[in-house]
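Student: Below: sequence and its predicted model.
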Amino acid sequence: MIDYLRRVGRDDAVLVIDSRDSDWPLRSGVIPGAVLIPWQRLHPAHASAAEIADLLLLRFGAARQDGLWNFESARTLVFYCNGPWCGQSPTNIKQLLALGYPAHKLKWYRGGMQDWKMLGLTTVAPATAPDTTTTHAHPAH
C-alpha cells in the first residue's frame with residue numbers, strides 16, 4: 001500500500017480509492033492520497049450504467065472502442081474499505097472484473113482503515129464532499 005501511495009500524485013497510472021460509505025470517511029478520515037468513491041457508485045443496483053461509464057472513462061482511464069471497453073491504458077486501482085471483514089471493496093472489484101477490467105490492475109488493501117489506524121498511520125479529512133446521491137445499504141460483510 002505504501003508503494004502505491006508514494007506513486008499517487010507523481011504517477012497518473014495509479015488511483016487509491018476509499019470505497020467506504022460516504023459517512024465513514026467523515027468520521028474517521030481517509031488515507032492520505034486516496035480519493036473517496038463510495039462503493040455504491042460502481043454498483044448497478046445503486047448507480048446507472050451511464051454513471052458507472054463516467055467513472056470508467058473520466059476517473060479510471062478506460063476507453064470505449066466500437067461499443068466495447070478498452071482497459072489498455074486504464075489506471076491501476078487500489079481499493080480499501082473498513083477492514084478485512086468489510087465487503088465494500090471486494091464488491092467493487094467483482095463489479096469491475098465483470099465489466100472486463102484487468103485483474104492485474106485491481107488491488108485490494110485488505111487491512112483497510114482498521115489496520116491503518118491500528119498501525120498509528122496518518123489519516124486526513126476527505127478532499128471532497130461525500131457523494132450524497134447514493135444510499136447507505138451495505139453489502140454482506
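Tutor: Good, I have the coordinates.

Student: looking at this structure, which helix or strand does the model trust least?
Tutor: Least confident helix or strand, the chain: helix 2-7 with a mean of 76, by mean pLDDT, DSSP states H and E.

Student: buried sites along that one?
Tutor: Neighbour counts over helix 2-7 (16 or more other C-beta atoms under 10 Å) mark Tyr4, Leu5, Arg7 as buried. No exception for glycine: its C-beta is placed from N, CA and C like everyone else's.

Student: Distance check, the residue lying closest to the last one once chain neighbours are set aside against Val8.
Tutor: The shortest distance from Arg7 to any non-neighbouring residue, by C-beta to C-beta, 6 or more residues apart in numbering, is to Val14 (4.6 Å). Val14 sits 6 Å away from Val8 when distances are taken as C-beta to C-beta, to the nearest Å.

Student: what about those two, which has more around it?
Tutor: Per other C-beta atoms under 10 Å, whichever of Val14 and Val8 has more neighbours is Val14, with 20 against 17.

Student: So what sits opposite that one in the bridge?
Tutor: Beta-bridge pairing for Val14 (DSSP bridges): Thr76.

Student: Could you do Asn70 as well?
Tutor: Per DSSP bridges, the residues bridged to Asn70 are Ala63.

Student: what sits up against the least confident helix or strand of the chain?
Tutor: For helix 2-7, the external contacting residues (C-beta atoms under 8 Å, 6 or more residues apart in numbering) are Ala13, Val14, Val16, Ile31, Pro32, Gly33, Thr76, Val78, Lys107.
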